[in-house]
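**Student:** Have a look at this prediction, sequence included:
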Amino acid sequence: MSILFLESSRLYLRHFQESDVNDLCRTEGNPDVMAFIRKPVAEPSQSLARIRQETVYAAENEGLGLFACFEKATDTYLGLVKIKHIDNTDAIEVGYAFLPEAWGKGYATEITQKAIEYLNQNFKEREIVAFIQADNLNSRRVLEKSGMTEVENIYKGHENALVFELELL
């Protein structure tokens, strides 16, 4: 059993384990979930390779990684949450992808706010960034509710994305 990483009032996160391959594949392989992210994976072996890669990343970057997200009350897998460095920068990206059955329940906002709180406590002075596609209005609302605002910055590998950063008070 993996150690609990972060929790909110209704959700908890933990690092993905190889035994989570089918859950990750359900998320990464769902065209509706991946519509604003990237091309869906075609088979579980791709998700297993990602879990193995993310396990190495988490071991090398304490407190960061790709996390499986669960509903506390039912211990039901809901999707993934990403809290990772943006390549070649000091900034940290917050992202998420939830299964359709978890949509519309406020989970994305709840866990994004919790991730931002965690990063502000543990990674002070680091920019907190999120990337979305221009037509992803639901994620725009999530990020705005979480205190993030759209900025004009461009990050390598994310040239076609809208960039949101935490609005510092």
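**Tutor:** Great, that's in hand.
**Student:** If you average pLDDT per helix and strand, which one of this protein comes out bottom?
**Tutor:** Scoring the helices and strands of the chain by mean pLDDT, DSSP states H and E places strand 4-7 at the bottom, with a mean of 87.
**Student:** Please name the strands paired to the helix or strand just after that one in the sheet, noting orientation.
**Tutor:** Toward the C-terminal end, the helix or strand that comes next after strand 4-7 (DSSP states H and E) is strand 11-15. If you go by DSSP bridges, strand 11-15 pairs up with strand 4-7 (antiparallel), strand 65-71 (antiparallel).
**Student:** mean confidence score for strand 11-15?
**Tutor:** When pLDDT is averaged over strand 11-15, the result is 96.
**Student:** Please identify the buried residues of it?
**Tutor:** Leu11, Tyr12, Leu13, Arg14, His15 (16 or more other CB atoms under 10 Å). For glycine as for every other residue, the C-beta is placed from the backbone atoms N, C-alpha and C.
**Student:** looking at it, the fourth one is touching Phe5, isn't it?
**Tutor:** Yes: using CB atoms under 8 Å, Arg14 is in contact with Phe5, at 5.2 Å.
**Student:** what number of residues lie near Phe16?
**Tutor:** Residues lying near Phe16 (other CB atoms under 10 Å) number 24.
**Student:** picking that back up, just send the buried residues of strand 11-15 back as CSV, with distance to Lys72 too.
**Tutor:** As requested, the buried residues of strand 11-15 are exported to CSV (distance: CB to CB, whole Å):
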residue, distance to Lys72
Leu11, 6
Tyr12, 6
Leu13, 11
Arg14, 12
His15, 17
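**Student:** Now do the buried residues in the strand of greatest length in the chain.
**Tutor:** Secondary structure of the chain per DSSP state E: the longest strand is strand 76-85. Neighbour counts over strand 76-85 (16+ other CB under 10 Å) mark Tyr77, Leu78, Gly79, Leu80, Val81, Lys82, Ile83, Lys84 as buried.
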